[in-house]
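K.L.:
Model the following, please.
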Amino acid sequence: MHTLWNMTVKDDVREFLITRRAQVTPGEVGLADVGGDRRVPGLRREEVAMLAGVSVDYYTRLERGNIRSASESVLNAIARALLLNDLEQEHLFDLARRAGASGLSVAQVRQPRAVRESVQRVLDSLALPAVVYNAPHDIVAANEAGRALYVIHFDTDTRPNIARTTFLDPRAQTFYADWAQARRMTAAMLRLEVGRNPLDEELTALIGELSTRSAHFRQDWAAHDVHEHRSGVKTFNHPGVGAIQVAFDGWQLPGEDGLSIVTYSAGPGTPDADRLALLPAWARSRHEVSLDGQPAKVDEPTP
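P.N.:
Have a look, this model is predicted:
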């Protein structure tokens, strides 16, 4: 078990460093590109070694996954040489801790299944759509507008899971205006969580399932990107109210370890804000049932 684990970590270290090195050009780090054919995209190993102040042999060993003896100062130097952002640097240190943990003493992670009643009351008081999810991307809480916005994710007999729907539900391909980006970001967020919680059995099982069932996931996972949902803009092609472009803001939920909350908003007075405001009424209309047990005939909201 330990041998298999260490081999996996070495593979992750190797692929992470190689993919990061491939993304940095000589010009970005102040090196003169003398032209000619470069056998590798991005920086060469010797260029990374020079920038980090280590020998080529030593960096080569690191890139082959032998990172367990690397010091904090060396890891920081490698991060600077490869222009790693804060999340990528965090991921590099997570990989180094995994490689150096001979006894695998990392505590088993238990994923939160729900939020406190007081947190749910706060969610319900928000006019904006809001969802709360854990590391494996289970949606553990939402308000009415959030459930309406994420309608295809909640259309399941099991616990809603953002990653599973994004990669395995055909409707996701049109629900997300930029499905390719949604996939890449989801895979990158899972990659970050795996680095943080390597013994999370639920997370490991999800990665295994997606790897088996989705060629797109295998492709996105192989990029070794890491991402955290903080802020940005995305567009949903919502089946009830049409295309909605929204700003999203995410943060760790205070007092709820392992949970993140994301809210969605649009500028006041914009068509997107009007569509967001229609979501709760649209959701309620879907659940109205006539006396004969058939869905009630209601007018769809007009954006």
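
K.L.:
What is the neighbour count of residue 179?
P.N.:
Counted by other C-beta atoms under 10 Å, the residues lying close to residue 179 total 16. From N, CA and C alone the C-beta is placed, and that goes for glycine too.

K.L.:
Begin at 39, not 1, for the rest of this chat.
P.N.:
Shifting the count to begin at 39 puts that one at residue 217.

K.L.:
what element comes up after the helix or strand hosting residue 246 heading to the C-terminus?
P.N.:
According to DSSP states H and E, residue 246 maps onto helix 239-251. Downstream of helix 239-251, the first helix or strand assigned by DSSP H and E is helix 253-259.

K.L.:
Which positions in the helix holding residue 246 come out as buried?
P.N.:
241, 244, 245, 247, 248 (16 or more other C-beta atoms under 10 Å).

K.L.:
Please apply the same query to stretch 209-224.
P.N.:
Across stretch 209-224, burial judged by 16+ other C-beta under 10 Å covers 210, 213, 214, 217, 220, 221, 222, 223, 224.

K.L.:
Ok, stretch 290-297 next?
P.N.:
Going by 16+ other C-beta under 10 Å, stretch 290-297 has these buried residues: 291, 294, 296, 297.

K.L.:
And the helices in this structure, which stretches?
P.N.:
Counting by DSSP state H, one finds helices in the chain at the ranges 40-60, 83-90, 94-101, 110-119, 124-138, 155-163, 182-187, 189-192, 200-206, 210-213, 217-234, 239-251, 253-259, 309-324.

K.L.:
who's in contact with stretch 48-63?
P.N.:
Applying C-beta atoms under 8 Å, 6 or more residues apart in numbering, the contact partners of stretch 48-63 are 71, 78-81, 83, 86, 100-105, 116, 120-122, 126, 129-130, 133-134, 136-137, 260-263.

K.L.:
Now the buried members of the residues you listed.
P.N.:
80-81, 83, 86, 100-101, 103, 105, 116, 120, 122, 126, 129-130, 133-134, 136-137, 262-263.

K.L.:
before we move on, the earlier item: can you lay out the buried residues of stretch 209-224 as a markdown table showing pLDDT and distance to residue 177?
P.N.:
Converted to a markdown table, the buried residues of stretch 209-224 look like this (pLDDT from 0 to 100; distance: C-beta to C-beta, whole Å):
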| residue | pLDDT | distance to residue 177 |
| --- | --- | --- |
| 210 | 98 | 14 |
| 213 | 98 | 15 |
| 214 | 97 | 16 |
| 217 | 97 | 19 |
| 220 | 97 | 15 |
| 221 | 97 | 18 |
| 222 | 97 | 20 |
| 223 | 96 | 16 |
| 224 | 97 | 13 |
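
K.L.:
Could I get those residues in a markdown table, plus columns for distance to residue 281?
P.N.:
Formatted as a markdown table, the buried residues of stretch 209-224 follow (distance: C-beta to C-beta, whole Å):
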| residue | distance to residue 281 |
| --- | --- |
| 210 | 15 |
| 213 | 11 |
| 214 | 11 |
| 217 | 14 |
| 220 | 15 |
| 221 | 19 |
| 222 | 21 |
| 223 | 19 |
| 224 | 20 |
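
K.L.:
which one among those residues gets closest to residue 172?
P.N.:
Nearest to residue 172 among the buried residues of stretch 209-224 is residue 224, at 13.9 Å by C-beta to C-beta.

K.L.:
Please name the residues that touch the closest one.
P.N.:
175, 200, 201, 204, 205, 258.

K.L.:
Nearest to residue 168 among those?
P.N.:
Nearest to residue 168 among the contacts of residue 224, with distances taken as C-beta to C-beta, is residue 200, at 13.9 Å.

K.L.:
The closest one: neighbour count?
P.N.:
When neighbours are counted by other C-beta under 10 Å, residue 200 registers 22.

K.L.:
again, but for residue 56
P.N.:
Residue 56 has 15 nearby residues by other C-beta under 10 Å.

K.L.:
same question, the one 5 residues further on
P.N.:
Applying the criterion other C-beta under 10 Å, we find 14 residues in the vicinity of residue 61.
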